[in-house]
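1. Sharing a model prediction with you, sequence too.
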Amino acid sequence: MKEVGHEPPPEAGPPLAEEVPGRAPVRVLDIFRQTGAILGGHYLLTSGRHSGTYLEKFRVLQYPEQTQRLCRLIADRFRASGVQT
């Protein structure tokens with residue numbers, strides 16, 4: 001299998017954080033932490049690489065409010081890039 005280089009990300013959009021008046025911004029990793037979706041251990045990834053950390057996205061989906069916040073952050077980040085859904 002040939003390893004392919006990474007392409008640069010699209011033009012920078014807003015940071016992946018949600019501004020709430022009177023509170024610190026909520027970032028994507030905060031949502032993963034709050035839902036217990038950041039796992040530590042030894043993981044063999046499908047790429048064949050090893051990792052000490054794994055993001056289990058399905059744990060976030062168990063919390064509808066957090067899922068909504070995460071989706072909003074992702075949509076806001078890519079809104080200006082012309083992504084069509």
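-> Happy to help now that I have it. From a predicted model like this one, the values you see are computed outputs, not experimental measurements. Numbers count the residues shown, from 1 in each chain.

2. quick one: low-confidence parts of this protein?
-> Within the chain, the segments meeting pLDDT under 70 span 1-25, 85.

3. Tell me which stretches of it form helices.
-> For the chain, the helices defined by DSSP state H occupy 28-34, 57-60, 64-78.

4. what's the closest of the ones you listed to Gly41?
-> Nearest of these to Gly41, taken as C-beta to C-beta: helix 57-60 at 14.4 Å. All C-beta spots, glycine's among them, are computed from the backbone N, C-alpha and C.

5. Okay, buried residues for the closest one please.
-> Neighbour counts over helix 57-60 (16 or more other C-beta atoms under 10 Å) mark Val60 as buried.

6. on that earlier part again, with distance to Gly41 as extra columns, can I get the helices of the chain in TSV?
-> Output for the helices of the chain, formatted as TSV (distance: least, C-beta to C-beta, whole Å):
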stretch	distance to Gly41
helix 28-34	15
helix 57-60	14
helix 64-78	22
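
7. What is the burial count for Val83?
-> Counted with other C-beta atoms under 10 Å, residues neighbouring Val83 total 11.

8. From Arg77, how far out is it?
-> Distance, Val83 to Arg77, by C-beta to C-beta, to the nearest Å: 10 Å.

9. And Ala37, by the same measure?
-> Per C-beta to C-beta, Ala37 is found 18 Å from Arg77.
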